[in-house]
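**Student:** here are the coordinates; sequence isn't available:
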């Protein structure tokens, strides 16, 4: 069979071109450190590699979100720890203020110390994250949430929004808590708070309220113990019903008064028209700033007789109960923050394990086997060189060379 010169050249060129292309592909794989240069190299592997790469990227994004949540929650936990310390100091001072041997000057000194604690508490409630965003302002995080008014009271100007952070594929978590739920709320089981209006003129001093029958039909309502005349009392619900819950009954100082599943005793001599209000913690006022302001005002009032002494003691008793409820509420929020931080740690461990698995799988899909690739590189290179040398020798074969 005769082979023309043109056919020989075309076949040689095609063969060397294919070998150069194969060699170039191996060189590109070595340079890119991957066996899949284009999706056509391995369509199924390329599709799976893309999905795994996206999973790794999402895991990294969630990790960044978790880091931000850990930062804000850690700052919140640290702030609430300081709030807890302040409230513990305040409760100690309130108990100390109930000492009957204190003078007006002593109580005024305690009031000054409590005012300092109140200012410190307001400062903690207005903590920011260092970037001008206030922790406890809800969605209104650009402005301080607790603002002192002209009359000295402290009002909450934030809202009850919670900034949610996407910390995992199917998990959103509150990165902060609003100030109202921390400083102006109580737990559902906080119980009852007794208080006496400043308009009382008698020397009646109430004790703490205890629960004797939580199954009573009226348990959970608010009540008022009134003294329509000296030496007698009656109990009404709030709002008042058509008939008193406890009709007019002779009053004995220090004896137990039972109503609505509750029990309380009142010592001293209440005057006609005096009242003692017994309300659920939520309805009695859950604002810790208001409770502190009331006790400061009471301690600054001079004591000049049994009636004024009773007002101070009742105010201290009410404040002590409210501050205990506020302290318990802060501890509950701290517990929630701690639980979220613990969950974030667990999510980070899980995400780390998932990232290791994804990276290992991605490596199996697209990483280059260097030993095989280098061996193939030398094989292709040798084959190309042999083809080139063969072509060079054969093209010199001609009868004219032997004439």
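**Tutor:** Yep, it's here. Remember, it's a predicted structure, so these values are computed and weren't measured experimentally.

**Student:** now the strands for the stretch 1-150 of the chain?
**Tutor:** Here the stretch 1-150 of the chain has its strands, by DSSP state E, counting those that start in this stretch, at 146-148.

**Student:** so where is it shaky, pLDDT-wise?
**Tutor:** By pLDDT under 70, the weakly predicted segments of the stretch 1-150 of the chain are 1-47, 49.

**Student:** can I see the domain layout of the chain?
**Tutor:** 42-186+286-367, 195-285 (automatic domain parsing).

**Student:** may I see those domains arranged in a markdown table, with mean neighbour count as well?
**Tutor:** Heads up, the C-betas are built off the backbone N, CA and C, glycines and all. Below are the domains of the chain laid out as a markdown table (neighbours: other C-beta atoms under 10 Å):
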| stretch | mean neighbour count |
| --- | --- |
| domain 42-186+286-367 | 17 |
| domain 195-285 | 16 |
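
**Student:** residues in contact with the nearest residue to residue 220 once chain neighbours are set aside?
**Tutor:** Distances taken as C-beta to C-beta, 6 or more residues apart in numbering place residue 280 nearest to residue 220, at 6.8 Å, with adjacent residues excluded. Contacts for residue 280 were tallied using C-beta atoms under 8 Å, 6 or more residues apart in numbering; they are 190, 191, 192, 193, 220, 221, 222.

**Student:** so residue 313 sits in a helix?
**Tutor:** Yes: if the criterion is DSSP: H, G, I helix; E, B strand; the rest coil, then residue 313 is within a helix.

**Student:** wait, it touches residue 99, no?
**Tutor:** No: contact criterion C-beta atoms under 8 Å: residue 313 and residue 99 do not qualify, at 10.7 Å.

**Student:** where's residue 171 relative to residue 286, distance?
**Tutor:** Distance from residue 171 to residue 286, counting by C-beta to C-beta, to the nearest Å: 31 Å.

**Student:** hmm, who's touching stretch 333-341?
**Tutor:** 69-70, 73-74, 76-77, 80-81, 84, 173-174, 177, 181-182.

**Student:** now those in CSV, with distance to residue 107?
**Tutor:** Putting the contacts of stretch 333-341 into CSV (distance: C-beta to C-beta, whole Å) gives the following:
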residue, distance to residue 107
69, 45
70, 45
73, 40
74, 39
76, 35
77, 35
80, 30
81, 30
84, 25
173, 46
174, 41
177, 35
181, 33
182, 29
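
**Student:** show only the entries of those residues found in helices.
**Tutor:** 69, 70, 73, 74, 76, 77, 80, 81, 84, 181, 182 (DSSP state H).

**Student:** in those residues, find the pair that's most separated.
**Tutor:** Across the ones in helices among the contacts of stretch 333-341, the longest distance by C-beta to C-beta is 21.8 Å; it joins 69 and 84.

**Student:** host element of the nearest residue to residue 98 once chain neighbours are set aside?
**Tutor:** Among residues not flanking residue 98 along the chain, residue 316 sits closest, at 5.0 Å (C-beta to C-beta, 6+ apart). Using DSSP states H and E, residue 316 falls within helix 306-366.

**Student:** and of the ones in helices among the contacts of stretch 333-341, the nearest to residue 328?
**Tutor:** Ranked by distance to residue 328 (C-beta to C-beta), the ones in helices among the contacts of stretch 333-341 are led by residue 84 at 10.4 Å.

**Student:** state the distance from the residue lying closest to that closest one once chain neighbours are set aside to residue 129.
**Tutor:** Spatial nearest neighbour of residue 84, chain neighbours left out: residue 330 (5.7 Å); criterion: C-beta to C-beta, 6+ apart. For residue 330, the distance to residue 129 equals 19 Å [C-beta to C-beta].

**Student:** how about residue 74?
**Tutor:** Distance from residue 74 to residue 129, counting by C-beta to C-beta: 11 Å.

**Student:** got it, and residue 234?
**Tutor:** 54 Å.

**Student:** next: residue 122.
**Tutor:** 18 Å.

**Student:** what strand or helix carries residue 236?
**Tutor:** Per DSSP H and E: strand 232-238 holds residue 236.

**Student:** and that strand, which strands flank it?
**Tutor:** If you go by DSSP bridges, strand 232-238 pairs up with strand 222-229 (antiparallel), strand 246-250 (antiparallel).

**Student:** run the chain-centre distance for the first one.
**Tutor:** Read it as strand 222-229. 42 Å (C-alpha atoms, centre = their mean, to the nearest Å).

**Student:** ditto for stretch 234-243
**Tutor:** 42 Å.

**Student:** ends of it, how far apart?
**Tutor:** Stretch 234-243 has an end-to-end distance of 10 Å (criterion: C-alpha to C-alpha, to the nearest Å).

**Student:** okay, how far is it across stretch 142-153, tip to tip?
**Tutor:** Start to finish, the residues bounding stretch 142-153 are 22 Å apart (C-alpha to C-alpha).

**Student:** residues in contact with it?
**Tutor:** Under the criterion C-beta under 8 Å, 6+ apart, residues 122, 125-126, 132-134, 136-138, 154-158, 178-179, 183, 289-290, 293 lie in contact with stretch 142-153.

**Student:** ok now do the nearest residue to residue 283 once chain neighbours are set aside, which residues does it touch?
**Tutor:** Nearest residue to residue 283, sequence neighbours excluded (C-beta to C-beta, 6+ apart): residue 222, at 5.4 Å. Counting by C-beta under 8 Å, 6+ apart, residue 222 touches 237, 238, 277, 278, 279, 280, 283.

**Student:** looking at those residues, which are in helices?
**Tutor:** Going by DSSP H, the helices hold residue 283 from those.

**Student:** now distance to residue 64 too, for the contacts of residue 222, in TSV please.
**Tutor:** Converted to TSV, the contacts of residue 222 look like this (distance: C-beta to C-beta, whole Å):
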residue	distance to residue 64
237	55
238	52
277	52
278	52
279	47
280	44
283	44
